[in-house]
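S.K.: Coordinates only, no sequence provided:
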């Protein structure tokens, strides 16, 4: 029996609902040579909580990375209060496979009574992931059949790719109601073109509230060797990190011409891991400068004892000539090259048109 057009409408609406979810849940592209890195996600707390609760929820093993990602002082305790609606940047390991990036085995969520996948995705994890993605990564065939006490892997989107030849830290940002591409680009020090290209958006007006954007945060250039245990060390502008078993503190600030600034960590709150004490951190020659200490060479240059990585027994240093004069464009804005992948929304339009033809609603 031939279906009437009025009968086809409910089917079409259901199809478009699934299609819209899939379109918004596009994974971040990750096709570069680096397959593992550190990424960030902007978690919007639905209620008042603490850093300790957030740390547990996202599987952040140590507090210091959470403090550094949010530029909080190292003496901040885990009981630091986070207000409802406040955004906290979550650091997590990213792994790349088959051209996309996803969080590497964290976070893991234990299902509670009366939980549903939509609630877990949209409310518990503030929309950083869509429920079909949780179902897919956990091999759940029926989203209505989940069991209290079972554990779910939550696949946060991420990437390890450079952008326009520059090292960046990819940040998963949930678009707020009323936001625009221009506002987001300005807030995070990137460009409209970069955001549109990375996220496959051809028209800025297509930006939707709740959409998860791949936002590249420019990282500072470093001298870390490729055989170092912390390579590649990517520190985003306005953040800091502890490395070399907590013996070294590195910060990134655009005012330093996007050059990573590292020095021995000195806070009494910092616990050294793996070593009974921190190894020597000096550069040979030039008066045996200590890590982070400079000597002025000229009005626009200085030689600094820079951090170059570490092994199980040694912290590497190198003498580095830094330019201390401001560059012509210190804002850090940059644009990536538009690729053929930017045609995502054109493909969506074509698919939508074909679906309408199939349902007999286009003549």
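M.R.: Yep, that arrived. Since this is a predicted model, take the numbers as computed values, not measurements. Residues are numbered from 1 along each chain as shown.
S.K.: Leaving out the residues flanking it, which one is nearest to residue 60?
M.R.: residue 66 (5.3 Å; Cβ to Cβ, 6 or more residues apart in numbering). Placement of C-beta: from N, CA and C, glycine included.
S.K.: Likewise for residue 64?
M.R.: In space, residue 64 is closest to residue 242, 5.0 Å off (Cβ to Cβ, 6+ apart).
S.K.: Name the SS class of that neighbour, please.
M.R.: Following DSSP: H, G, I helix; E, B strand; the rest coil, the label given to residue 242 is strand.
S.K.: Bridge partners for it, pull those for me.
M.R.: Judged by DSSP bridges, the bridge partners of residue 242 are residue 249.
S.K.: check contacts around the residue nearest to residue 60.
M.R.: 51, 54, 55, 60, 72, 88, 90, 91 (Cβ atoms under 8 Å, 6 or more residues apart in numbering).
S.K.: By neighbours, which of those residues wins?
M.R.: Counting neighbours by other Cβ atoms under 10 Å, residue 90 leads these with 28 neighbours.
S.K.: Residue 68 versus that one, what's the distance?
M.R.: Residue 90 sits 12 Å away from residue 68, going by Cβ to Cβ, to the nearest Å.
S.K.: tell me the pLDDT at the residue nearest to residue 60?
M.R.: Per-residue confidence (pLDDT) for residue 66: 98.
S.K.: before we move on, what SS does it have?
M.R.: Assignment for residue 66 (three-state DSSP): helix.
S.K.: now it: how far from residue 179?
M.R.: 25 Å.
S.K.: and the residue nearest to residue 256 when sequence neighbours are not counted, how many neighbours does it have?
M.R.: Spatially, and ignoring its direct neighbours in sequence, residue 256 is nearest to residue 220 (7.5 Å; Cβ to Cβ, 6+ apart). Residue 220 is flanked by 23 other residues according to other Cβ under 10 Å.
S.K.: ok, now residue 74?
M.R.: 17.
S.K.: so the residue nearest to residue 256 touches residue 238, yeah?
M.R.: No: proximity of residue 220 to residue 238 does not meet the contact threshold set by Cβ atoms under 8 Å, at 10.3 Å.
S.K.: which residues do those two both contact?
M.R.: Counting by Cβ under 8 Å, 6+ apart, the shared contacts of residue 220 and residue 238 are 252, 253.
S.K.: how about the helices of the protein, start to end?
M.R.: 5-24, 51-58, 63-69, 117-119, 131-137, 181-187, 192-198, 344-358 (DSSP state H).
S.K.: List the contacts of residue 314.
M.R.: residue 279.
S.K.: Ignoring the adjacent residues along the chain, who's closest to residue 230?
M.R.: That would be residue 243: by Cβ to Cβ, 6+ apart, it lies 4.8 Å from residue 230.
S.K.: Residue 175: what's it in contact with?
M.R.: Per Cβ under 8 Å, 6+ apart, neighbours of residue 175: 184, 207, 208, 209, 210, 211, 212, 213.
S.K.: any idea which of those is the one closest to residue 161?
M.R.: Nearest to residue 161 among the contacts of residue 175, counting by Cβ to Cβ, is residue 213 at 14.9 Å.
S.K.: how many other residues sit next to the nearest residue to that closest one once chain neighbours are set aside?
M.R.: Spatial nearest neighbour of residue 213, chain neighbours left out: residue 173 (4.7 Å); criterion: Cβ to Cβ, 6+ apart. The burial count assigned to residue 173 is 23, neighbours taken as other Cβ under 10 Å.
S.K.: With residue 152 instead?
M.R.: 20.
S.K.: So it sits against residue 111, correct?
M.R.: Yes: counting by Cβ under 8 Å, residue 152 touches residue 111, with 6.4 Å between them.
S.K.: Need the residues touching each of these two.
M.R.: Residues touching both residue 152 and residue 111 (Cβ under 8 Å, 6+ apart) are 120, 146.
S.K.: Below-threshold pLDDT in the stretch 251-363 of the chain: ranges please.
M.R.: Within the stretch 251-363 of the chain, the ranges that satisfy pLDDT under 70 run 267, 286, 296-299, 324, 326-363.
S.K.: What distance do you get for the nearest residue to residue 318 once chain neighbours are set aside to residue 293?
M.R.: Take residue 318 and drop its neighbours on the chain: the residue closest to it by Cβ to Cβ, 6+ apart is residue 308, 4.5 Å away. Applying Cβ to Cβ, the value for residue 308 to residue 293 is 15 Å.
S.K.: what's the distance between the residue nearest to residue 213 and residue 157?
M.R.: 10 Å.
S.K.: who touches both of the two?
M.R.: Counting by Cβ under 8 Å, 6+ apart, the residues touching both residue 173 and residue 157 are residue 212.
S.K.: need the contact list for residue 113.
M.R.: With contact set as Cβ under 8 Å, 6+ apart, residue 113 has these partners: residue 148.
S.K.: partners of residue 151 in the sheet?
M.R.: residue 110.
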